[in-house]
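Student: Quick check, what structure comes out for this input:
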Amino acid sequence: MIRELAENPNVYMPLSPGRELFFDPDDRFVIFFSTGIDPHSATIQRVRMQEDEVEDAVGEIRSLLKDKGRAGSEWELGESCTPINLVQRLAELGILPDEDEPLATGMVLRDSKLVAPPPGVVARKVLTVDELILARCIQNKAFGQQEPTDEIQAQTDFRHEGVIGSTFISFVDGEPAAAAYASYTPHGLLLFGGATAPEFRRRGAYRALVAARSREAVERGTPVLVTHAGKMSRPILERVGFEVVARIDRLLDVF
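Tutor: Numbers count the residues shown, from 1 in each chain. A predicted model of the protein is given here:
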């Protein structure tokens, strides 16, 4: 189950308002819809297709996305996806590796001990709607997203903070520096959206977020952390004990 979580985390995260999961009736794919309309707002995971189903399934997915007003989608393909040549088949249909981050790594910290936070950095859950908005502004800036932070959506989401998951923010010398999310599951915490503002990188802000979420996992009695790591976060996670369990190909389909 841990590997399944590592390959397809969006399939198992509890949903807050404005998000939804679409399960293909024929069990060929799952689509996670978040808020917004840009290609990163729709994620296809857990793809299980036959060789002769790929082209038709892609047509169905694109039609569904366009009906929902989306500008495209991202595909996150773990090693369990089929057919075995899926990445090549999708490339033939114009779905190509994401230039910013073509590969991610499924990583797990099992039986999590408390990860030690770095000195001089404080990380904790957001306490107010304004802090939630601030956390999302940090994430948008770090990920280079152009869409403004949706303050109305943040007000709705804040009512679910601490219930289905929690947003964390870290402070370096009292200044807000990084933010991340932890989604609660019976098997452990799914870590999403860890991002540090460029001017605060290499000062322990990201590691402090991992430490805070490891404490949360232990306190909840589900001491396992699961995440998709990119090239910037993987070295930090390896140093605190995360192990690699899966390779994830990240593709982008832009309409």
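
Student: Tell me what the spatially closest residue to residue 68 that is not a sequence neighbour is bridged to.
Tutor: Among residues not flanking residue 68 along the chain, residue 33 sits closest, at 6.9 Å (C-beta to C-beta, 6 or more residues apart in numbering). To be clear about C-beta, it is placed using only N, CA and C from the backbone, and glycine gets the same treatment. Counting by DSSP bridges, residue 33 is bridged to residue 20, residue 42.

Student: what about the stretch 101-250 of the chain, any weak spots by pLDDT?
Tutor: Counting by pLDDT under 70, the stretch 101-250 of the chain contains low-confidence ranges at 112, 146-147.

Student: what sits against residue 241?
Tutor: Going by C-beta atoms under 8 Å, 6 or more residues apart in numbering, residue 241 touches 109, 113, 115.

Student: okay, the residues you listed in TSV with neighbour count next?
Tutor: What follows is the contacts of residue 241, written out as TSV (neighbours: other C-beta atoms under 10 Å):
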residue	neighbour count
109	24
113	11
115	23
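
Student: Cross those residues against strands and list the overlap.
Tutor: Mapping these onto strands (DSSP state E) picks out residue 109.

Student: Which one of the contacts of residue 241 is nearest to residue 189?
Tutor: residue 109 (9.5 Å; C-beta to C-beta).

Student: residue boundaries of the helices in this protein?
Tutor: For the chain, the helices defined by DSSP state H occupy 2-7, 9-12, 54-67, 86-92, 129-143, 151-158, 205-219, 234-239.

Student: From residue 32, how far out is the residue nearest in space to the middle of the chain?
Tutor: Closest residue to the average C-alpha location of the chain: residue 192 at 3.8 Å, with C-alpha atoms, centre = their mean. Distance of residue 192 to residue 32, computed by C-beta to C-beta, to the nearest Å: 11 Å.

Student: hey, what's residue 75 bridged with?
Tutor: Bridge pairing for residue 75 (DSSP bridges) gives the partners residue 44, residue 251.

Student: Distance of it relative to residue 17?
Tutor: 25 Å.

Student: Between those two, point out the one with more neighbours.
Tutor: Between residue 75 and residue 17, counting by other C-beta atoms under 10 Å, residue 75 is the more crowded of the two (28 against 11).

Student: I'd assumed residue 47 was in contact with that one.
Tutor: Yes - using C-beta atoms under 8 Å, residue 75 is in contact with residue 47, at 7.5 Å.

Student: any idea which of the helices of the chain is most buried?
Tutor: With neighbours taken as mean count of other C-beta atoms under 10 Å, those reach their highest mean count in helix 205-219, at a mean of 23.

Student: How far away from the center of its chain is that one?
Tutor: Distance of helix 205-219 from its chain centroid, counting by C-alpha atoms, centre = their mean, to the nearest Å, is 16 Å.

Student: Please enumerate residues in contact with it?
Tutor: In contact with helix 205-219 (C-beta under 8 Å, 6+ apart) are residues 109, 112-118, 121-125, 166, 168, 170, 172, 177-180, 182, 188-189, 191, 194, 196, 223-225, 233, 236-237, 240.

Student: now, which of those lie within strands?
Tutor: Per DSSP E, strands hold the following members of the contacts of helix 205-219: 109, 121-125, 166, 168, 170, 172, 177-180, 182, 188-189, 191, 194, 196, 225.
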